[in-house]
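>>> got a predicted structure here, sequence first:
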Protein chains: 2
Amino acid sequence: MRRIILKARPGATPLVGDFAIEEAPTPDPGANQLLVQTLFMSIDPYVRLSLDEMTIGDVPGLPLGQSPIGRAVARVVKSNHADFTPGDLIEGRSAWAEYAVVNPAVKPTKLDLGALPLSYAVGALGMPGQTAYAGMIDIGHVQPGETVVISAAAGAVGSMAGQIGKILGARVVGLAGGAVKCAAVEALGFDLCLDYKAPDFDKRLAAALPQGFQVYFENVGGDLSLKVIAYAAYGARMPLCGLIANYGQASETGPDRLPHFLRTAFVKGIGIKAFHGESVGGAHALAANRTWIEQGKLKPAESIIDGFERIPEAFEGTFRGNSHIGKVVVRIAA
Amino acid sequence: MRRIILKARPGATPLVGDFAIEEAPTPDPGANQLLVQTLFMSIDPYVRLSLDEMTIGDVPGLPLGQSPIGRAVARVVKSNHADFTPGDLIEGRSAWAEYAVVNPAVKPTKLDLGALPLSYAVGALGMPGQTAYAGMIDIGHVQPGETVVISAAAGAVGSMAGQIGKILGARVVGLAGGAVKCAAVEALGFDLCLDYKAPDFDKRLAAALPQGFQVYFENVGGDLSLKVIAYAAYGARMPLCGLIANYGQASETGPDRLPHFLRTAFVKGIGIKAFHGESVGGAHALAANRTWIEQGKLKPAESIIDGFERIPEAFEGTFRGNSHIGKVVVRIAA
């Protein structure tokens, strides 16, 4: 089988060359473990956080030479655990490899998606969907008539969050890079999508927010964040669900933007809540998303890339503002 | 009468020389206005925010040559308003001047403090007291047994917040500059106060927070903030009530600390809520503080400086980490 390993510590933007593909023996599951075949590998920016040496919580950074751990849809091939049978479809944390050993202690979810696409399990009906729901509802408390700004609006989370905002009756302004992405975002039902790369972006942002905003669903960080929060209505909420611009150990040469950021937050009484969709958006989020999908109110956007060997390229692309819309998934064996 | 005017735009630290004292005619109250004599002038770091040219909300920066507006305890000398009578004692927004015209539209509070010191009206029973209460209870939701870190622990707000933390049954760790201040803070009942200027501060901070903290009552901003948030327990709350280190248009050269700040907030699921004590901590906060004071559970710390002309010095001192403990008040005519 093939697996992808971390060859070098990435810079601010992880590159294809930071990884290597190698042949390896199919691993052997130990007691209570499963051997699974990867069907879809989810491409998530947060994986970048594990690629530094820095320990996060109790989790040390990934050693060089080992496989990054992402989220995957997989089929159980061999089971040493009473709760799983060969043929079961699961979603959960798994290595960037064609076959992997999964420990049921990490709580893989057994899938039962009916007629819905399996890939939704890592998208609209997985962590990104939970994150979008939790950020808009459990954390952001979006109310009808409010104005919500969503960064990375064409992304897996942003594209869902905006649709949920429309279901809730809010006015939804998306931010995305490039006219093509913006058109796709507006096609999903956002009231408006602004291209933050456009030369007149600052002017268009001001025009789009004459009364400011109540909620800023933050997926990006960096300079865009500072531009947006200038339009916070007093007491605005800022669910902080991701920071693509800040995942890398980016160069932290000046100017120091922290004073400006905190000063703005202070003056405007902003509430910022960092959260992780998986822990906040529980079963209730998945159930709601599924119902909305089945009712046709929520249309998951996906970009499916074929071929195991393209995982590093897809991952790099996530940080480069590639042209993908919605959830990026690499199809390996499905 | 004398008044203090803004002579020059302050740098990061406002200096005595940024102000001038001048003689001026006692102003004449217009229709519905009051003429008041200033008894106590409250010295509050937030006034720094009004001294730049930048407009905050609808409020333009103070023009040069005019008097800063702070909070004062004053006696009504002449009233053109039916609700006020000469001799009434009030607390509210008022100019840095011995006499000032007050418009009842800015809602001065008529004082009825019984036997309690009048100066409490700008301290424990005024905005700082509301801020301390709101930050700990309405915003911070401090629970018994939780660990709370309080920066600027010797300040007007911090010294109250820590005592409220103890009343609530929390473990309270204060941070203050210098051994003298720390001793004073511990004397107020904090479990511990760490001197952030001490060479072994980093080590002592780590030792003081073996399980991290649940709430960081943030009064300061800047590097101290970054050091503290490294110890956030997952999901920690950070009521953001002031940013002494960030009030000035500080030099923003040097490393960009925003990515580090946001990344830490993200990884640790921190909730940051900027708030203004006055709007959050309403009458319920003042009533609770008064009861606790009358029960002897809360001991307001005050530093009273005599002499109108010392307002600029007292204001500068607030930013220089002077040796004052608790609420700094200039006594003018009481």
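Looks like it arrived, so ask away. Numbering: from 1, shown residues only, chains lettered A, B, ... in the order given.
>>> what's the first helix or strand after the helix or strand harbouring residue A:238?
Under the assignment given by DSSP states H and E, the secondary-structure element containing residue A:238 is strand A:232-240. Going down the chain from strand A:232-240, the next helix or strand is helix A:258-267, by DSSP H and E.
>>> hang on, the earlier thing: run the contact check for the strand holding residue A:238 versus chain B.
Yes. Where contact is defined by Cβ under 8 Å from any Cβ of the partner chain, part of strand A:232-240 touches chain B, namely A:234, A:240. For every residue, glycine as well, the C-beta is placed using N, CA and C.
>>> now do that strand: distance to the chain's middle.
21 Å (Cα atoms, centre = their mean, to the nearest Å).
>>> so what touches that strand?
Contact with strand A:232-240 is made by A:134-136, A:139-141, A:147, A:211-218, A:229, A:264, A:268-275, B:57, B:262, B:265-266, as judged by Cβ atoms under 8 Å, 6 or more residues apart in numbering or on different chains.
>>> again, only using 6 Å
Contact with strand A:232-240 is made by A:135, A:139-140, A:212, A:214-218, A:268-274, B:266, as judged by Cβ atoms under 6 Å, 6 or more residues apart in numbering or on different chains.
>>> now it: buried residues?
Across strand A:232-240, burial judged by 16 or more other Cβ atoms under 10 Å in any protein chain shown covers A:232-233, A:235-240.
>>> specify which member of the residues you listed is nearest to residue A:47.
Within the buried residues of strand A:232-240, distances to residue A:47 taken as Cβ to Cβ reach their minimum at residue A:240, with 18.1 Å.
>>> so what's the closest one bridging to?
residue A:218, residue A:274 (DSSP bridges).
>>> can you give me the strands in the stretch 51-200 of chain A?
With DSSP state E, counting those that start in this stretch as the criterion, the stretch 51-200 of chain A has strands at A:69-79, A:89-95, A:99-102, A:109-110, A:147-150, A:171-176, A:192-195.
>>> quick one: list the elements packing against the third one.
Packing contacts for strand A:99-102, counted by 3 or more Cβ pairs under 6 Å, 6 or more residues apart in numbering or on different chains; DSSP states H and E, involve strand A:34-42.
>>> got it, and the longest one?
For strand A:69-79, the elements it packs on are strand A:34-42, strand A:89-95, judged by 3+ Cβ pairs under 6 Å, 6+ apart.
>>> got the contact list for the shortest one?
I take that to be strand A:89-95. Residues from elsewhere that reach strand A:89-95, judged by Cβ under 6 Å, 6+ apart: A:67, A:69, A:72-75, A:100, A:102, A:106, A:108-111, A:121, A:126.
>>> pull out the buried positions in it.
Burial within strand A:89-95, assessed by neighbour count using 16+ other Cβ under 10 Å, is assigned to A:89-92, A:94-95.
>>> partner strands of it, parallel or antiparallel?
strand A:69-79 (antiparallel), strand A:109-110 (antiparallel).
>>> mind exporting the lowest-mean-pLDDT helix or strand in chain A as CSV, just the C-alpha atoms?
Comparing every helix and strand of chain A by mean pLDDT, DSSP states H and E singles out helix A:277-280 as the least confident one, with a mean of 77. As requested, C-alpha coordinates have been extracted for helix A:277-280 and formatted as CSV (Å, rounded to 0.1, in the frame of the first residue of the first chain):
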residue,chain,number,x,y,z
GLY,A,277,-17.2,22.3,15.9
GLU,A,278,-17.0,18.7,16.9
SER,A,279,-17.3,19.3,20.6
VAL,A,280,-19.9,22.1,20.4
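>>> for chain B, what are the nearby residues on the stretch 201-334 of chain A?
Contact residues, the stretch 201-334 of chain A versus chain B (Cβ under 6 Å from any Cβ of the partner chain): A:221, A:240, A:243, A:246, A:250, A:252, A:254-259, A:261-263, A:265-267, A:269-275.
>>> SS state for residue A:204?
helix (DSSP: H, G, I helix; E, B strand; the rest coil).
>>> that one: what's its closest spatial neighbour, skipping adjacent residues?
Beyond its immediate neighbours in the sequence, the residue positioned closest to residue A:204 (Cβ to Cβ, 6 or more residues apart in numbering or on different chains) is residue A:194, lying 5.2 Å away.
>>> just residue A:321 next, same as before
Once flanking residues are discounted, residue A:321 sits nearest to residue A:177: 4.3 Å by Cβ to Cβ, 6+ apart.
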